[in-house]
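Asker: coordinates only, sequence not included:
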């Protein structure tokens, strides 16, 4: 078997084995793989910052300072704003 085909087969086998892992282990592995693609100066501890942000957002909702939007409408507004910014 040519080297390239052998490598592809090994990759397929690896993916099959990984997909058999329990969800938490797959999630951890996915996180590690994604972090491996980031530049060396990437802040891998951004989880802490996100936790702080989420707590602030939850507090805003509980205090009534947040108005929820339908995702499709919000996405439409975002796209319109981006298009407007691109033409300015």
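Answerer: Happy to help now that I have it. Every value quoted in this text rests on a predicted model; they were computed, and no experiment measured them. Residues are numbered from 1 along each chain as shown.
Asker: let's see the pLDDT reported for residue 35.
Answerer: We have a pLDDT of 82 for residue 35.
Asker: now swap in residue 46 and tell me
Answerer: Residue 46 is assigned 78 on the pLDDT scale.
Asker: residues near residue 67, how many?
Answerer: Residue 67: 7 surrounding residues under other CB atoms under 10 Å. In this view, the C-beta of every residue, glycine as well, is placed from N, C-alpha and C.
Asker: actually residue 18, not the one I typed
Answerer: Neighbours of residue 18 under the rule other CB under 10 Å: 13.
Asker: now it: which helix or strand?
Answerer: Using DSSP states H and E, residue 18 sits in helix 3-19.
Asker: tell me which other helices or strands that helix touches.
Answerer: On a contact count with 3 or more CB pairs under 8 Å, 6 or more residues apart in numbering; DSSP states H and E, helix 3-19 meets helix 23-36.
Asker: can you give me the angle the helix it packs on makes with helix 3-19?
Answerer: Per axes from the mean of the first three to the mean of the last three CA atoms, to 10 degrees, the angle that helix 23-36 makes with helix 3-19 is 130 degrees.
Asker: continuing past helix 23-36, what's the next helix or strand?
Answerer: Per DSSP H and E, the first helix or strand lying C-terminal to helix 23-36 is helix 46-62.
Asker: tell me which residues are up against the helix or strand just after that following helix.
Answerer: Later in the chain than helix 46-62, the nearest helix or strand by DSSP H and E is helix 71-87. Here helix 71-87 makes contact (CB atoms under 8 Å, 6 or more residues apart in numbering) with residue 69.
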